[in-house]
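Asker: Just a sequence and a predicted model for now, questions to come.
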Amino acid sequence: MAIVWTKYWAGTDDGTILRGIDLRNIQDDLAVVQTVDAVLTIPGQVQGDVLYYNGTTWVRLGAGTSGQVLKTQGPVANPIWGTPVDLTIPGQTTGDILQFNGTNWVGVALSTVITVGSQLYTSNGTFTAPVGVTRVYVTLVGGGGGGGGENNDSGAGGGGGGGTIIDYPYTVVPTNNYTVVVGTGGTAGANGVEGGSAYGGSGGTSSFDGTLSITGGEGGHGGYITGGDGAGGLGGPSLDASGNTPGGVGLKGGNGGNRTGGDGGGGGGTPFGKGANRVTSTAATGYGSGGCGARDEAGGNTVGNSGLVVVRW
C-alpha cells in the first residue's frame, strides 16, 4: 500500500540539523509511515479482497466469485458475499411480465395475460381457461319449450322458458379445456291430432363441464278435441348464484284459448329472451324463450329458442 506522508515542522531544534533541516523529525515520521504500512498489509491478500472491521481489528474478506455481490448483515455482523436474485426467465422477450403461479414467479407474454373477459356460446363448444385464471362465473340458460299443436275448437299452450343459472362461481385450472353444451329449443307439436304428439317438445339442457347444468322449458300442451284449452308448458327451474338455493323459474308458457278459433298461448320468457306471441305473430327473441301455441285449426305454433352459456372471468 502506498502512503504519502506530509509533515510540516514548527522549526524546533533538537540538535540534529543539516543545512537547516531537522533530521530527527524526519526519522520519527518515517517510523510512523512504516507502522501504518505494516497494519494495512494483510497476510494472504490478493486482488479483489476487501477489508472490514470485525469489532476488534481490520480483517480481510477474500474475493468472492464472479457475479457475487457484497451483502451486509447489519451493524452487529460481518459482511459476506452473496448471490443476487436472478429474475431472468427462460425464453423471456420484450413486453413479458412476471406472474406468481402459486409456487414460483414465471414469465408470461403480455399478449396472453387476460385480466377480465367473457365468452358467449350459442352452440356446443369448448372453453379453455386462460393463463392465470382459476375461477370463472358461469351463466346457463336452458332451451325454450316448443308450442303445442292445435286441435278442434281449442288453441294450444305456449312453451315454457328455459331454466337459468346466473354467474355461478366455478373453479378451473389454467389452460384446461371444459365442455360446453347449449340446450336446443323444443320442437313445435303436431297439428290436427290429440295427445302426446300434439305437445311441443321440451327445451334441451345447458351445461358446463358436465357437472353444472340447467334444464329447458316444458313444451306447450296440445289443444283437445273436447274443447279444453292446451296448458302452457312449465318454465325450467332457476338457481341463484350459489347453485343450490332455488330461485325463480323460467316463465310458464301461456294457456291456449278455450273456444272455437281460440288462439294459442304465448311462450314463456327468460332473463335473456322474450317468448313468442301467437296473437301478434311475434316470434320468440333472445335465448331460452318458449314458442307460441297453435291457433285452433290454423296452426302457427313455433319452436322454442335455444339457450346460451356465458363464461366470465
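Answerer: Ah, there it is.
Asker: Count the neighbours of Asp86 for me.
Answerer: The tally of other residues near Asp86 (other CB atoms under 10 Å) stands at 7. Just so you know, the C-beta spots here come from the backbone N, C-alpha and C atoms, and that holds for glycine as well.
Asker: any idea how far Thr93 is from it?
Answerer: The gap separating Asp86 from Thr93 is 17 Å, by CB to CB, to the nearest Å.
Asker: any chance you could map the helices in the stretch 1-150 of the chain?
Answerer: In the stretch 1-150 of the chain, the helices defined using DSSP state H, counting those that start in this stretch lie at 23-39.
Asker: Would you tell me what helix or strand Pro169 is located in?
Answerer: Here Pro169, judged by DSSP states H and E, is contained in strand 164-171.
Asker: Can you spell out which helices and strands pack onto that strand?
Answerer: Judged by 3 or more CB pairs under 8 Å, 6 or more residues apart in numbering; DSSP states H and E, strand 164-171 is in contact with strand 135-141, strand 212-214, strand 237-239.
Asker: Quick check: can you name the pairing partners of the longest one and their directions?
Answerer: The one in question is strand 135-141. strand 164-171 (antiparallel), strand 308-312 (antiparallel) (DSSP bridges).
Asker: if you compare the ones you listed, which one is most tucked away?
Answerer: strand 308-312 (a mean of 22; mean count of other CB atoms under 10 Å).
Asker: ok, back up a step: in a markdown table: the helices and strands packed on strand 164-171, plus mean neighbour count, distance to Gly262 and mean pLDDT.
Answerer: Shown next, in a markdown table, are the helices and strands packed on strand 164-171 (neighbours: other CB atoms under 10 Å; distance: least, CB to CB, whole Å; pLDDT from 0 to 100):
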| stretch | mean neighbour count | distance to Gly262 | mean pLDDT |
| --- | --- | --- | --- |
| strand 135-141 | 23 | 30 | 93 |
| strand 212-214 | 20 | 32 | 90 |
| strand 237-239 | 20 | 29 | 49 |
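Asker: Tell me the spacing between Cys292 and Gly62.
Answerer: Using CB to CB, we find Cys292 at a distance of 91 Å from Gly62.
Asker: With neighbour numbers in mind, choose between those two.
Answerer: More neighbours surround Cys292 than the other of Cys292 and Gly62, with 40 against 11 (other CB under 10 Å).
Asker: Pretty sure Gly265 is one of the things the more buried one touches, is it not?
Answerer: Yes - counting by CB atoms under 8 Å, Cys292 does reach Gly265; the two are 6.8 Å apart.
Asker: Just list the residues touching Pro79, thanks.
Answerer: Pro79 is in contact with Val50, Tyr52, Leu61, Leu70, Lys71, Thr72, Gln73, counting by CB atoms under 8 Å, 6 or more residues apart in numbering.
Asker: Beta-bridge partners for Trp58, please?
Answerer: Beta-bridge pairing for Trp58 (DSSP bridges): Tyr53.
Asker: number of nearby residues for it?
Answerer: Close neighbours of Trp58, defined as other CB under 10 Å, add up to 11.
Asker: Then Gly189?
Answerer: Neighbourhood size, Gly189 [other CB under 10 Å]: 34.
Asker: That one: what's it in contact with?
Answerer: Taking CB under 8 Å, 6+ apart, we find Gly189 in contact with 146-149, 156, 197-201, 219-220, 222, 294, 301.
Asker: do the same with Arg60
Answerer: Listed by CB under 8 Å, 6+ apart, the contact set of Arg60 reads Ile42, Gly44, Gln45, Asp49, Val50, Leu51.
Asker: How about it: what's its closest non-neighbour residue?
Answerer: Leaving out its chain neighbours, the residue that sits closest to Arg60 by CB to CB, 6 or more residues apart in numbering is Ile42, at 4.3 Å.
Asker: quick one: that neighbour from Val69, how far?
Answerer: Distance from Ile42 to Val69, counting by CB to CB: 22 Å.
Asker: Give me the more crowded residue out of those two.
Answerer: Ile42 (13 against 10).
Asker: Just to check, the more buried one is in contact with Leu51?
Answerer: Yes - with contact taken as CB under 8 Å, Ile42 and Leu51 are classed as touching, separated by 7.1 Å.
Asker: Mind listing the shared neighbours of these two?
Answerer: Listed as contacting both Ile42 and Leu51 by CB under 8 Å, 6+ apart are Trp58, Val59, Arg60.
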